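# With the input below, show me the fold.
(2 chains)
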Amino acid sequence: MSVELVVFVLAAAACLAGAVGVVLSTNPVHAALSLVGTLFGVAVLFVAQAANFLAVVQVIVYAGAIVVLFLFVIMLLGVDRVDDLRIEPLVGQRVAAGVVSLGILGLLYAALESTGYEATGVVGTVDDRVPDVNRLGESLFTTYLFAFEITSVLLVIAVVGAVLLARRGRRAEIVDPGQEERAEEVAELMAAAEERAGGNGHAYEVDGALVGEPAEPEGEPAEEVRS
Amino acid sequence: MTVALEVTPAWYLVLAALIFSIGTFGLLIRRNPLVMFMCVELMLNAVTLTFVTFSRMLQDTNGQSIVVFVLVVAAAEVVVGLAIIVALLRKRPDATADDAALLEG
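Have a look, this model is predicted:
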């Protein structure tokens, strides 16, 4: 048995077990941890195919950032409740999903068979003595330089979008306590003014305008969020 | 073992096809938006594995560059997607993919 065979079998087992785990685990936390198994298996397969840099990036970005982000969201929102997979809300959905995914698998397999597992295309001339990082860097910063720069714009847009979407709820929460405080202040002022005026209608009118203010913040943040 | 089993690129391609179909199946049957998202990540990983395999078969590094772009796009997609899921689950903690209409307006 060659080393590559052992590596492939182990990594493939990790990949498939992780993939099945993601689909079948009832707890989202377990699904995220199964996803790490698949990602590590794919990283090992990258190394086996001499893509060392991509393997490192795979572990750092996927396992280190993306899965942690998933776990962070799960824990932050406390949605790690157990899904009941026995419930099938849409009758026949499972069967249809199985048919579709098996159909995709069959199509992919047919496509591979029809080409005889040979890649059709222009065979490049890779010098194996040059490390893959150097080759990748040269490819990224010459052939794909423009696309590479565009990805920075994409990331900026993603960050802005995430901040905008995630701020929504929090803004309403922050606004509310301040308004409660102000409402209390207004109530105190009103009580003091009423005491001073002692039945004088003039002062009461001013307070009426003030009293109206704390009443409307209830609806105001919701409107702000919507716009 | 008498038969010398050699790992050909075809093995990697078949494995990637398997992971992709499992990801599709999960995306179609699961209703938790977070788990559906993880299934999309599975599918993306299967595709990157295919790209790296073809890159080796063709002796061409440009295939690996595409994988870098897939990684970047996946990261951006996860950030925005999770923000949307956070907004959805804040409105209703037990929301499924069917409740995405709650975010309307």
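# Once you drop chain neighbours, what's closest to B:A76?
Of all residues not flanking B:A76 in the chain, A:A158 sits nearest, at 3.7 Å (Cβ to Cβ, 6 or more residues apart in numbering or on different chains). (Each C-beta comes from the backbone N, C-alpha and C, glycine too.)
# The strand or helix carrying that neighbour packs against which elements?
According to DSSP states H and E, A:A158 maps onto helix A:145-197. Contact partners of helix A:145-197 among helices and strands, from 3 or more Cβ pairs under 8 Å, 6 or more residues apart in numbering or on different chains; DSSP states H and E: helix A:201-215, helix A:220-226, helix B:62-91.
# Hmm, the residue nearest to B:A76 is touching B:L82, no?
No - assessed by Cβ atoms under 8 Å, A:A158 is found out of contact with B:L82, at 10.6 Å.
# Show me which of those two is the more surrounded one.
More crowded of A:A158 and B:L82, by other Cβ atoms under 10 Å in any protein chain shown: B:L82, with 24 against 20.
# Kindly provide the distance from that one to chain A.
Per Cβ to the nearest Cβ, to the nearest Å, B:L82 is found 5 Å from chain A.
# Return the residues in contact with that residue.
B:L82 makes contact with A:69-70, A:73, A:162, B:37, according to Cβ atoms under 8 Å, 6 or more residues apart in numbering or on different chains.
# rerun at 7 Å
B:L82 sits next to A:69, A:73 when contact means Cβ atoms under 7 Å, 6 or more residues apart in numbering or on different chains.
# so how far is A:A110 from it?
Per Cβ to Cβ, to the nearest Å, B:L82 is found 36 Å from A:A110.
# ok, now A:L69?
37 Å.
# more neighbours, these two?
Neighbours were counted for A:L69 and for A:A110 using other Cβ under 10 Å; A:L69 has more, 16 against 10.
# any idea of the mean pLDDT in the helix or strand harbouring that one?
For A:L69, the element it lies in under DSSP H and E is helix A:67-77. For helix A:67-77, the mean per-residue pLDDT is 89.
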